[in-house]
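Trainee: Mind looking at a prediction? Sequence and model below.
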Amino acid sequence: MTPAALREALARVAAVPLVGAPTPLEAVPRLSTLLGGGPRLLVKRDDAIAFGFGGHKVRKLAFVAAAALAERADTLITAGGVQSNHARVTAAAAARLGLRAVLVVNGVEPERRTANALLDALLGAEIDYVAAPADRGPRMLEIADRLRREGRRPYVIPVGASTPLGALGYVAAMLELLDQLPAAPDAIVHASSSGGTQAGLVAAARLLGLPLRIVGVSADQPAAMLQADVRAIVSGIGELLKASPEQVERGAAIDVDDRFVGDGYGIPTPASREAIELAARTEALFLDPTYTAKAMAGLIALVRQGRLTDRQTVVFWHTGGQVGLFT
Ligand SMILES: Cc1ncc(COP(=O)(O)O)c(C=O)c1O
């Protein structure tokens, strides 16, 4: 498929213009020098999306919120942790579109709201606390039922908006990146968790026949589980865009690196702390402790191990989350 054909296929799916201008693609020469050379490193700055404190969830919500509007929804319901970036962006999208937001979050109500929890409250979202992640799905459905009985029109968005529809945000993002470069990069490295971002990038690369490597550095899940999630979303994207299973190479390998999770989701590691400091001190680039710091730790390790060579161009896709520095 050509980029023009992919653009046309995407244009048939409604999206709300939340993302605005293309995000910057920046060279990071001081970081490269500090790492002792290696590939040409570029950073795709989705942390710099202006809407709602930015981050990659804005790209997903652009498609998902459009579907909610098409169904004449009046309330977006979603779920996440107390400090979920996805929940914050959903609340922001709801505010911008004149909808209500209900966020089902696992954890205890914080005594003092900080970071994303503070923004959720400012955005006017209703917060519903549940004890465990497994309780979130059933509670969202319960709330949706209650709202329907009250005559409202709820729209439930699964955790991370990592549905094929949400992942279209990253199919579009790949086209945006390709427009910023004379040739496709050799590799993209980014943080991966519920799989939507990676699925969008992988699906776009396959549909366009690009041989680039897309490394999802896991923030929490073991590689095999995350690979299965990404694979399922890639298939769904193929169906949404009416591509054949061969075009999206259904079932083919997905590159996930789970060696940087450490003791678990959101728990810093020596390598993630180093990544946060190096990026800030060399390039004034702020990484978040839960996702992008671990992804950058993965990229730093690949460079130091000489697994990415000086002939290659590598894009670190900054997926945002920097609000998390203020918890
Ligand atoms: C800042 C940030 N980066 C990356 C991810 C992972 O993206 P995905 O859930 O699409 O795998 C998340 C998920 O919430 C995130 O908040």
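Mentor: Nice, thanks for sending it over.

Trainee: Let me know the average pLDDT across stretch 81-88.
Mentor: Computed over stretch 81-88, the mean pLDDT rounds to 96.

Trainee: Centre of the chain to that stretch, how far?
Mentor: With C-alpha atoms, centre = their mean, to the nearest Å as the basis, stretch 81-88 stands 12 Å off its chain's centre.

Trainee: Would you mark the buried spots in stretch 283-303?
Mentor: 283, 285-303 (16 or more other C-beta atoms under 10 Å). C-betas here are computed from N, CA, C, even on glycine.

Trainee: What about the ligand: which of these touch it?
Mentor: Subset of those in contact with the ligand: 288, 291-292, counting by C-beta under 6 Å from any ligand atom.

Trainee: Would you format the residues you listed as CSV with pLDDT and secondary structure included?
Mentor: Formatted as CSV, those follow (pLDDT from 0 to 100; DSSP: H, G, I helix; E, B strand; the rest coil):
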residue, pLDDT, secondary structure
Asp288, 97, coil
Tyr291, 98, coil
Thr292, 98, helix
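
Trainee: Which positions within stretch 299-315 qualify as buried?
Mentor: Within stretch 299-315, the residues that qualify as buried by neighbour count (16+ other C-beta under 10 Å) are 299-303, 308, 312-315.

Trainee: Looking at the residues you listed, spot the one nearest Gly264.
Mentor: Using C-beta to C-beta, Ala301 is the member of the buried residues of stretch 299-315 that lies nearest Gly264, at 18.8 Å.

Trainee: Tell me the backbone dihedrals of that closest one, please.
Mentor: phi -60, psi -40 (degrees, to the nearest 10).

Trainee: picking up where we left off before, show me which of the ones next to the ligand among the buried residues of stretch 283-303 is closest to the ligand.
Mentor: Distance to the ligand across these (C-beta to the nearest ligand atom) is lowest for Tyr291, with 3.5 Å.

Trainee: Now Ala301: closest residue in space that isn't a chain neighbour?
Mentor: Leaving aside its sequence neighbours, Ala301 sits nearest to Ala271 (C-beta to C-beta, 6 or more residues apart in numbering; 7.0 Å).

Trainee: show me what contacts Gly262?
Mentor: 268-269, 271-272, 294 (C-beta atoms under 8 Å, 6 or more residues apart in numbering).

Trainee: Around the ligand, which positions in this protein sit nearby?
Mentor: Counting by C-beta under 6 Å from any ligand atom, the chain sits next to the ligand at 55-56, 85-86, 160, 162, 191-198, 288, 291-292, 319-321.

Trainee: So which residues make contact with whatever helix or strand Arg148 lives in?
Mentor: Arg148 is part of helix 136-149 when elements are defined by DSSP states H and E. Helix 136-149 has contacts (C-beta under 8 Å, 6+ apart) with 75, 77-80, 102, 104-106, 128, 130, 153-154, 156, 158-159.
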